[in-house]
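S.K.: pasting the sequence and the predicted coordinates here, then a few questions.
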Amino acid sequence: MENLQYACLMPHPPIVVPEVGGRETAKCRQTAEGMTRVAEKLVAGRPDTLVVITPHGTVFQDGIAITAVDQLQGNLGAFHAPDVSFSYKNDLSFVNDLQEHCQSQGITTALLDERLARQYQVDTALDHGVMVPLYYIKKAGFKGSLVVVAMGLLPNVELYSFGIALQETIVGGNKRVAVVASGDMSHRLTPDAPAGFNPRGKEFDAAIRQALASGDVWRVVNMPRGLAEEAGECGLRPLIMLLGCLDGYRLQSEVVSYEGPFGVGYLVAELMPEGNKGDSLLAAFKEHLDRVMAETRKNEHEVVRLAREALEGFVRHGKVIEPDYRLSEELPDRAGVFVSLKKHGQLRGCIGTTQPTRDSLAEEVMYNALSAGLRDPRFPPVTAEELDEITYSVDILHPPEKVADKSELDPKEYGVIVRAGNRSGLLLPNLEGIDTVEEQLSIALKKAGIDPDENYEIERFRVDRYY
């Protein structure tokens, strides 16, 4: 892939910029040295265009935003360093070619010009996910044009497909191109980390480091979503997009540096294609996902199957199926039920009832499944094309009980209900990324529209969760 001059993963902690961090920058010396090294190698390749993939731009649920203004500008004023500024010409011909190749891969893109930015009430200025790596690249002497891509909250296989479209754009063009995936690893490495501590943070960072050190693309693309969410990272999606750009090639990679001085993992890695292009991994990734889904369907619990068949039947045929009243005897006759839908690990809908509202548990499951798929205000209704990609879980609630003190709460064991007047908010137990009572209460209060300083009642409840 002659036109690809260089590719790397770089972190983006503003503190690594001396004008921001001051003396604190010395605490991430390895990262600064690693970023200096890869920036110098990048610039040595004399790229005409630099593509930066950032997790902190305009992030869409169902597509990928590519900034499409003439001049890409920004500064680190938000981090008390307004004099650290950047202004680069946008390579709009590359942007347009990239959009066309994305369409051929079936990837939705949004060209974020000033009109679209106003429509979505977002900014086209450079974010720190771009500017921090760019600080070192500019310092190394880069003078070419820039392209900024924001990651999308898409399934990993679609992010990888975007990378393939990026590769096609580079190969089909006549410019020398460098690609940087910007992202930090776990934000939960230590008790004083900004997102709190989770022991799986170190597990995630170790897994990524090992995978990159050995060139194991499969392991990165198929990284469990639950592990990534518990780690609290922001680098996995940009990294997968970069790996897609290297699809079909043997990966020559090196972990240049890694450290976590502030409870956040900073990983600098070089990733380059080696040898001649071979077979794409995309089909293998899709086949793997199909096998996983088939195994999930085969082993699903009866109430989960009922929830799925209820939603599928209505979406495909417009009819509510007849409920199966002959559920297992160990299940209650009636109960409050929450049905949750996920699409490729991302929440796609969740609706439920705290108390039984139907004549039977089966009906409670069915109608809450329909509500989760069709009436969750956070999401558009589920379409027939999505049904084969959705997984389900069903929570059957035990009766709630009042608590006198927060010490009686445990977000892994108990769900929580907060009430003030006619306002109430509920959060289920044992949710990915929610590890403390404070986090659980904060989210429940926000859902209820209750100020934390108000007087409110707390109830807790257990659930039986089925997959």
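M.R.: Yep, it's here.
S.K.: now the nearest residue to Arg465 once chain neighbours are set aside. Its backbone dihedrals?
M.R.: Distances taken as CB to CB, 6 or more residues apart in numbering place Asp395 nearest to Arg465, at 5.1 Å, with adjacent residues excluded. From N, CA and C alone the C-beta is placed, and that goes for glycine too. The phi and psi values for Asp395, taken as degrees, to the nearest 10, are phi -110, psi 120.
S.K.: and Ala195, by the same measure?
M.R.: According to degrees, to the nearest 10, Ala195 has phi -100, psi 10.
S.K.: surely it and Glu230 touch.
M.R.: No - counting by CB atoms under 8 Å, Ala195 does not reach Glu230; the two are 10.3 Å apart.
S.K.: comparing these two, which residue is more hemmed in?
M.R.: Per other CB atoms under 10 Å, whichever of Ala195 and Glu230 has more neighbours is Glu230, with 21 against 18.
S.K.: show me what contacts the residue nearest the centre of the chain?
M.R.: Geometric centre of the chain, nearest residue: Leu153, 5.2 Å, by CA atoms, centre = their mean. Counting by CB atoms under 8 Å, 6 or more residues apart in numbering, Leu153 touches Val59, Phe60, Gln61, Asp62, Arg237, Gln346.
S.K.: in stretch 85-98, what counts as buried?
M.R.: Judged by neighbour count (16 or more other CB atoms under 10 Å), stretch 85-98 contains these buried residues: Phe86, Tyr88, Asn90, Asp91, Leu92, Phe94, Val95, Asp97, Leu98.
S.K.: ok, now stretch 235-245?
M.R.: By neighbour count on 16+ other CB under 10 Å, the buried set for stretch 235-245 is Gly235, Leu236, Arg237, Pro238, Leu239, Ile240, Met241, Leu242, Leu243, Gly244, Cys245.
S.K.: do the same with stretch 204-217
M.R.: Across stretch 204-217, burial judged by 16+ other CB under 10 Å covers Phe204, Asp205, Ala207, Ile208, Arg209, Ala211, Leu212, Gly215, Asp216, Val217.
S.K.: who touches it?
M.R.: Contact partners of stretch 204-217, identified using CB under 8 Å, 6+ apart, comprise 9, 185-186, 189, 219-220, 223, 227-228, 230-231, 233, 235-236, 239, 243, 246, 250-255, 258, 260, 265, 267, 269, 271, 281.
S.K.: pull out the buried members of the residues you listed.
M.R.: 9, 185-186, 189, 220, 223, 227-228, 230-231, 233, 235-236, 239, 243, 246, 251, 253, 255, 258, 260, 265, 267, 269, 271, 281.
S.K.: buried ones in stretch 16-25?
M.R.: For stretch 16-25, a neighbour-count test (16+ other CB under 10 Å) marks Val16, Val17, Val20, Gly21, Thr25 as buried.
S.K.: so the third one is in which element?
M.R.: Translated: Val20. Assigned by DSSP states H and E, Val20 belongs to helix 18-21.
S.K.: next helix or strand past that helix?
M.R.: Once helix 18-21 ends, the next helix or strand along the chain (criterion: DSSP H and E) is helix 29-44.
S.K.: just the C-alpha atoms of that next one, please, in CSV.
M.R.: Taking C-alpha atoms only, helix 29-44 is exported to CSV below (Å, rounded to 0.1, in the frame of the first residue of the first chain):
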residue,chain,number,x,y,z
ARG,A,29,7.5,11.5,30.2
GLN,A,30,7.3,8.1,28.4
THR,A,31,4.2,9.1,26.6
ALA,A,32,5.7,12.4,25.5
GLU,A,33,8.8,10.6,24.2
GLY,A,34,6.7,8.0,22.5
MET,A,35,4.5,10.6,20.8
THR,A,36,7.6,12.5,19.7
ARG,A,37,9.1,9.4,18.2
VAL,A,38,6.1,8.4,16.1
ALA,A,39,5.5,12.0,15.1
GLU,A,40,9.0,12.3,13.7
LYS,A,41,8.6,9.0,11.8
LEU,A,42,5.2,10.2,10.5
VAL,A,43,6.6,13.4,9.2
ALA,A,44,9.7,11.7,7.7
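S.K.: average model confidence for that helix?
M.R.: Helix 29-44 comes out with an average pLDDT of 98.
S.K.: list the contacts of it.
M.R.: Helix 29-44 is touched from outside by 5-6, 8, 10-11, 13, 16, 25, 50, 133, 136-137, 139-142, 178, 180, 256-259, 266, 268, 270, with contacts defined as CB under 8 Å, 6+ apart.
S.K.: and the helix or strand bottoming out on mean pLDDT in the chain, how far out from the chain middle?
M.R.: Using mean pLDDT, DSSP states H and E, helix 225-231 stands out as the lowest-scoring helix or strand of the chain, at a mean of 89. Distance of helix 225-231 from its chain centroid, counting by CA atoms, centre = their mean, to the nearest Å, is 9 Å.
S.K.: packing partners of the helix or strand just after it?
M.R.: Sequence order places helix 236-245 as the next helix or strand after helix 225-231, per DSSP H and E. Contacts defined by 3 or more CB pairs under 8 Å, 6 or more residues apart in numbering; DSSP states H and E place helix 236-245 against strand 4-10, strand 49-54, helix 156-172, strand 177-182, helix 217-221.
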